[in-house]
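>>> what's the 3D shape of this:
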Amino acid sequence: MSTLSKKEHDEIRSWLVQAVAETLGYPEASVVTAAMQCVQRGCDAKTTTDALAKLLDNGAPLLVSKLFMKVHAIKAAALQSSIASSAVLSAGPGKRSVKEAFGEEEASVPDPKRTRFGSAPVAPAAGTGVMGAVPVARPALDPNQISAILANTRQQMEEKKAALAAATQARLPFIQQALAAQQAPGYAGVAGVRPAGMPAGVPGASPGAGLSAVQQAAQDAERKKAELQQKIQEKLASANLRAAGVGLKPAAGAAAGAGGGEKPMPLILDSEGRTVDAAGKAIQLTSVQSTLKANIRAKQRENFKIEKPTTEELADNNPYYDPRVSVGPVQRTKRSFKFHEPGKFQQLAQKLRAKEQLEKLQESIASVAKKTGISSATKLALIAPSAETTIELIPDLEWWDKVIMPVGESYDQVTARIGVEPTTSGAAMSSSGNSTTDDSSSRLAYRNITQLIEHPIPYFTNAQKKPPPTLAVQLTKQERKKLRTQRRREAEKEKQEQVSLGLMPPPPPKVKMSNLMRVLGSEAVQDPTKMEAYVRSEMAKRQRAHESENAARKLTPDQRKDKKMRKLDEDVTCGVDVQVYRVTDLSDPKVRYKVDINAQQLHLTGCIIQSKDLTLVVAEGGPKALKKYKRLMMHRISWEEARRNMEKNLRSDNVDQPNRCIMVWEGMVEARNFVDWKCKQFPVESAARDFLHKFNVHHYWDLALSTSIIESADD
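Numbers count the residues shown, from 1 in each chain. Okay, the predicted model is just below:
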C-alpha cells in the first residue's frame, strides 16, 4: 500500500470505525488505530492480520480482507479521476518545451551526466560565473522557421493524444478482470500485485479503473451484502446445523435467492428441551466464544480456581493435620471500599471536645483543691476506713494464731476451757503454756513458734507520678528561618484581607530616602526640600514607635524578679526531696559562705549545724534545686584546698583528719520540716540534737554521728 492522501485517509478511517462496530458490537478505538497504522506503513494482509489478532482473535482475518478491498476500491476511484483529469488537460493547450519551440537546434546541446544519484551539475564555461554570466546571443528567426516550429508542435500533440487513448483502451479489460476477481467470495487482495496478463507497459492499473462513481457504489453495496450473508452462513456452519437439517441453505443459494425470501428451517426440541435433528438425534450446540482478552482471562480464572479443602478432607488425607491450626485462604480477598455513615466523624470530634473540656475542668478543680488543702483532706477521708467497715473486718481468729490454736475452736472456747477472762487470754495462754499440769493448754501448738521474722508489706505513698517531660524539637537555623517567614507571611496575608474587607485602613506607604522618587513621584520633583523633611520625619516616627513597642514588651524589675522566683520555686505537694551531708570541717568562712548563700538562692529550707566534732548540713527542696546543690557540695567545692588554707592560717583544730564531704542520706519526705534556712553553732552534741528534735529530724544527727564513729573506727 502506498501513501494515502488526507481525504483517502479520512474515508478509510470512517469506514473502519463502522466495520469494527459491526464486528465487535461496539466501537473500539484501539482496533481502529492499529489498523490505520498498518495501512499507513504499507503492511501486507498477513502482517495486518497478525497485528489485529491480538485485539480481535477470530474476527481479524475477515476484517482485514474487507479493509484491503476498501483500500483498493478507494485507490481505483482516485486513479480513474486522475486519468479523466489528465485527458481533459491534454486536450487543451499545454506548456511547450524548448525542443518543441526551437526544433532540432537544441539537439546539439549535450545532456548532463546522469548518475545513480541524479544529474551531475555542469561546470560553467570559462569567464562566466554564477553572478557574472555572459548572455548568449541567439540569431533572429524568419517567418518560415516560425511556421515550421508551429507545425512540428501540432504534430507532437496529436501523437500524444493518440498514445494516451491507446493506453486507456488497453487497460479496460484488465480493470474489468480485477473487479470480477474482487466480487469472488474468497478474494483477499495483496498490495502491489499486478493482475495476470497485464502488460508491464501499462502503468497504474488498479481495480475499478474506467468505471463511473455510480457503478462503483452499486458494486460496493452488492459486495457488502454478499459478505454479510457469507459471514452468517459461516457462523451457522461452524455449529454443524446445516448437515442436521435445522440450518440455512448454502451460501450460494442464499446469495442467489436473496430476493426470493429463503428462510431458516424451524428449530426442533424434544421433551427434555434438547436440540434434535429430523431423525430425533440430539445435537450439541456450540456456545458463542468470547473474543476479548478480559473475558477469556475471567473464564480461565473460573476454570482453574483452586477450591479450599474442607476440614474432614484434611483430617483424612494429611497425617500431619492439626485441627488447632487455622487454615488461611488460598487467595487473598480483594479489599472493598468501606464507607462511613454521614456525621460519624462529627460525633467523634464532639466527643473529643467534650473530653478535653472535662479534663480542663478537672485540672482547674484539682489546682484549687491543692491550694485550699481540700485534696489532702479528701485523700485522707478516702484512705481512712469507716467504723462499720472496721468492725466487719475484725475476724474471729487472727491469722497469726491459726498455727497454734486448736482446729475449730475460737478465743472464747479456749479461754473458757482454761478458766481465765477473754481480756487476758493471751497472758493466760502463755502462762498455761509454760505449765505442764494443764492438759487443755497442751493442745496449743507452741512448736510452730519459731525465730523467723515475717516482714510487713511495703507501703507506697499516694504521691502522683509526674508525667515524663516532653522533649522539645530542636530545629536547624534554616528551619527556624523558614518558620519565621511563614508566620510573617500569614500575618501579612490576614492584614491584607482585613484591608480589602474594609475592617482596617490601609497602611501608609513606607517612604525612605532610597525610594523617595519612586513613591512620591512628581511631588518630590516640585519641592524636594519639603519632601525630604517629610520623609525624615516619617522615619523618625517609625523609629520611635519601634522603641516604644519594645519598651512596652520589656518586663519591669519587679516582674523580672517574680519570673526568676517562679522558675526557682518548684511543686513539692507530692513530696519533698531531702539531702543530708556530713562535713569534717566547715570552719573556712569562704566555703561556709558558698554553702549558705547557694542554699538561699535556690530557695532551700534546712540548716547548717556546727559542733566540736561534727558538721551537719540538711537541705530540703525540689529535685532541680537539690541537683544543683548536690553538684556544689560534691564537685564544685574543693574541701582539701579549704583544709590547706586553714593549715596555713592555723585556724583548724582537726588538722590531722582529711577534710571531706559525705552524703549521709538522700530521699523524699511527705512535707517540709523546716520553714527557712538557718545556720547554728553548738558547743556540745546534745544541744545540736535537741535543736533538731524540735523539727522531728533528730534521727539525721544520730545517723550522721554513727557513720562518723564507724569510719573513725575503721581508720
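
>>> got a list of what V684 touches?
V684 is in contact with S611, K612, counting by C-beta atoms under 8 Å, 6 or more residues apart in numbering. Every C-beta, even on glycine, is put in place using the N, C-alpha and C of the backbone.

>>> next, it: phi, psi?
Dihedral pair for V684: phi -120, psi 160, per degrees, to the nearest 10.

>>> same deal with K554?
Torsion angles, degrees, to the nearest 10, at K554: phi -70, psi 140.

>>> report how many residues lie close to it.
9 (other C-beta atoms under 10 Å).

>>> so who does it touch?
Counting by C-beta under 8 Å, 6+ apart, K554 has no contacts.

>>> separation between it and A315?
Distance, K554 to A315, by C-beta to C-beta, to the nearest Å: 85 Å.

>>> next one: I597
I597 is 86 Å from A315, by C-beta to C-beta.

>>> tell me which element A354 falls in.
helix 344-372 (DSSP states H and E).

>>> counting by contacts, list what that helix packs against.
helix 374-383 (3 or more C-beta pairs under 8 Å, 6 or more residues apart in numbering; DSSP states H and E).

>>> for the helix it packs on, what is the average pLDDT?
For helix 374-383, the mean per-residue pLDDT is 56.

>>> and the helix holding A354, which residues are buried?
Buried residues in helix 344-372, counted by 16 or more other C-beta atoms under 10 Å: none are found.

>>> do stretch 148-160 as well
Within stretch 148-160, the residues that count as buried by 16+ other C-beta under 10 Å are I149, T153.

>>> repeat that for stretch 615-629.
For stretch 615-629, a neighbour-count test (16+ other C-beta under 10 Å) marks T615, L616, V617, V618, A619, E620, G621, G622, A625, L626, Y629 as buried.

>>> give me the contact list for it.
Stretch 615-629 has contacts (C-beta under 8 Å, 6+ apart) with 568-572, 576-586, 595, 598-599, 602-609, 633, 669, 672-674, 688, 692, 697, 700-701, 704.

>>> backbone dihedrals for P589, please?
Main-chain torsions, P589, degrees, to the nearest 10: phi -70, psi -30.

>>> any idea how far it lies from D44?
Per C-beta to C-beta, P589 is found 116 Å from D44.

>>> between those two, which one's more packed in?
Higher neighbour count among P589 and D44: D44, with 16 against 9, using other C-beta under 10 Å.

>>> confidence score at the more buried one?
In this model, D44 carries a pLDDT of 83.

>>> before we move on, what about the one 5 residues further on?
Reading off the confidence values, T49 has pLDDT 84.

>>> helix, strand, or coil at N152?
helix (DSSP: H, G, I helix; E, B strand; the rest coil).

>>> quick check: it vs E158, distance?
Distance from N152 to E158, by C-beta to C-beta: 11 Å.

>>> name the residues of stretch 269-283 that come out as buried.
T275, V276, I283.

>>> partners of the first one in the sheet?
The reference is to T275. Applying DSSP bridges to T275 yields these beta-bridge partners: L269.

>>> burial of V473, as a residue count?
Neighbour count of V473, defined by other C-beta under 10 Å: 6.

>>> that one falls within a helix, correct?
No. Assessed with three-state DSSP, V473 is coil; it does not lie in a helix.

>>> start and end of stretch 617-632, how far apart?
13 Å (C-alpha to C-alpha, to the nearest Å).

>>> pLDDT of it, averaged?
In this model, stretch 617-632 has a mean pLDDT of 93.

>>> tell me what whatever helix or strand Q18 lives in is packed against?
According to DSSP H and E, Q18 maps onto helix 6-24. Packing contacts for helix 6-24, counted by 3+ C-beta pairs under 8 Å, 6+ apart, involve helix 29-41, helix 60-91.

>>> show me the contact partners of it.
By C-beta under 8 Å, 6+ apart, helix 6-24 touches 4, 27-28, 31-32, 35-36, 39-40, 56, 59, 62-63, 66-67, 70-71, 74-75, 78, 291.

>>> one more time with 7 Å, if that's ok
By C-beta atoms under 7 Å, 6 or more residues apart in numbering, the residues outside helix 6-24 that reach it are 27-28, 31-32, 35-36, 39, 56, 59, 63, 66-67, 70-71, 74, 78.

>>> separate out the buried members of those residues.
28, 31-32, 35-36, 39, 56, 59, 63, 66-67, 70-71, 74, 78.

>>> and S364, how far is that from V535?
54 Å.

>>> quick one: low-confidence parts of the stretch 551-700 of the chain?
Within the stretch 551-700 of the chain, the segments meeting pLDDT under 70 span 646-657.

>>> can you map out the helices along it?
For the stretch 551-700 of the chain, the helices defined by DSSP state H, counting those that start in this stretch occupy 557-568, 589-601, 623-631, 639-649, 685-693, 698-714.

>>> dump the ones you listed to a markdown table, plus distance to D50.
Shown next, in a markdown table, are the helices of the stretch 551-700 of the chain (distance: least, C-beta to C-beta, whole Å):
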| stretch | distance to D50 |
| --- | --- |
| helix 557-568 | 86 |
| helix 589-601 | 95 |
| helix 623-631 | 85 |
| helix 639-649 | 100 |
| helix 685-693 | 108 |
| helix 698-714 | 102 |
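
>>> so which of those is nearest A416?
A416 lies closest, by C-beta to C-beta, to one member of those: helix 698-714, at 46.5 Å.

>>> that closest one packs against which elements?
With contacts taken as 3 or more C-beta pairs under 7 Å, 6 or more residues apart in numbering; DSSP states H and E, helix 698-714 sits against strand 576-583, strand 615-621, strand 661-669, helix 685-693.

>>> just checking: what are the partner strands of the second one?
Read it as strand 615-621. Partner strands and pairing direction for strand 615-621 (DSSP bridges) are strand 576-583 (antiparallel), strand 605-610 (antiparallel).

>>> start and end of stretch 629-642, how far apart?
One end of stretch 629-642 to the other measures 18 Å (C-alpha to C-alpha).

>>> what residues sit buried inside that stretch?
For stretch 629-642, the neighbour count (16+ other C-beta under 10 Å) marks Y629, K630, M633, I637, W639, A642 as buried.

>>> just stretch 526-538 next, same as before
Counting neighbours by 16+ other C-beta under 10 Å, stretch 526-538 gives M531, Y534, V535 as buried.

>>> redo the residues you listed as JSON lines? Include secondary structure and pLDDT.
Shown next, in JSON lines, are these (DSSP: H, G, I helix; E, B strand; the rest coil; pLDDT from 0 to 100):
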{"residue": "M531", "secondary structure": "helix", "pLDDT": "87"}
{"residue": "Y534", "secondary structure": "helix", "pLDDT": "90"}
{"residue": "V535", "secondary structure": "helix", "pLDDT": "90"}
